[in-house]
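Q: What follows is a predicted structure for the sequence shown.
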Amino acid sequence: MICEDEETEYWCKNLLNGTEIKQCLNIKKGPFGAGDLQKMAESNHPIFKNMFFVMDGDWRDKYKNKKIPDRTVFLPLNNPPEKVFYDFLYNLSDTDDFWNEELNFSKQTCFQNYQNANKSTIKRWFQEPELKEFFGRSYSKLLNKWKKENKQLVKKFQKEVSEILENHLKQRE
């Protein structure tokens, strides 16, 4: 599976953790932008016939009136991962157990330098080295917290990945 970027790769791997599906896939980030990933997914070139594509949720709207390419799935919700997690944490209670007052990691410190919620600010926020410490290795603490609160979306994504794998295997027979 080819993912748009590192954030997409982390989230995709995390969403598939503990499933048999993950054992069947090699999930990697690509060195290209979403537009390139879209072109590859839509291409009929033989080099792409055994590849699967994971696009950020904001690409879902671009396919509203178009057929979604075979072997393509979208991450949950209609935003890039960084925005999904920014909004998720921003909406967590100040007293949620995700925050760690002993280590001076609170909702206030998490967002103190990132109040302007535009795309570039949110990307910098998500990649902030000081915050990444609190988000866990490969963002695992943050991603697992989101999964715990969004079990239906996790199951839906896993089902979609499973379906594209099954369809691909049937077509190869």
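A: On my side now, so go ahead.
Q: going forward, measure contacts and count neighbours with C-alpha atoms only.
A: Fine.
Q: Now do the SS call for Trp125.
A: With DSSP: H, G, I helix; E, B strand; the rest coil as the basis, Trp125 sits in helix.
Q: Grab the nearest non-local neighbour of it.
A: In this structure, Trp125 finds its nearest non-sequential neighbour in Tyr114, 6.4 Å apart by Cα to Cα, 6 or more residues apart in numbering.
Q: Where does that neighbour sit, in terms of helix or strand?
A: In this assignment (DSSP states H and E), Tyr114 forms part of neither any helix nor any strand.
Q: and the longest helix along the chain, what does it pack onto?
A: Using DSSP state H to define each element, the chain has its longest helix at helix 151-172. Judged by 3 or more Cα pairs under 8 Å, 6 or more residues apart in numbering; DSSP states H and E, helix 151-172 is in contact with helix 6-16, helix 20-24, strand 72-74.
Q: so which of those gets nearest Pro80?
A: Nearest of the helices and strands packed on helix 151-172 to Pro80, taken as Cα to Cα: helix 6-16 at 8.1 Å.
Q: confidence score at Leu153?
A: Note on Leu153: pLDDT of 98.
Q: what about the residue nearest to it when sequence neighbours are not counted, distance to Pro46?
A: Using Cα to Cα, 6+ apart and skipping the chain neighbours, the partner closest in space to Leu153 is Pro76 (6.3 Å). According to Cα to Cα, to the nearest Å, Pro76 and Pro46 sit 29 Å apart.
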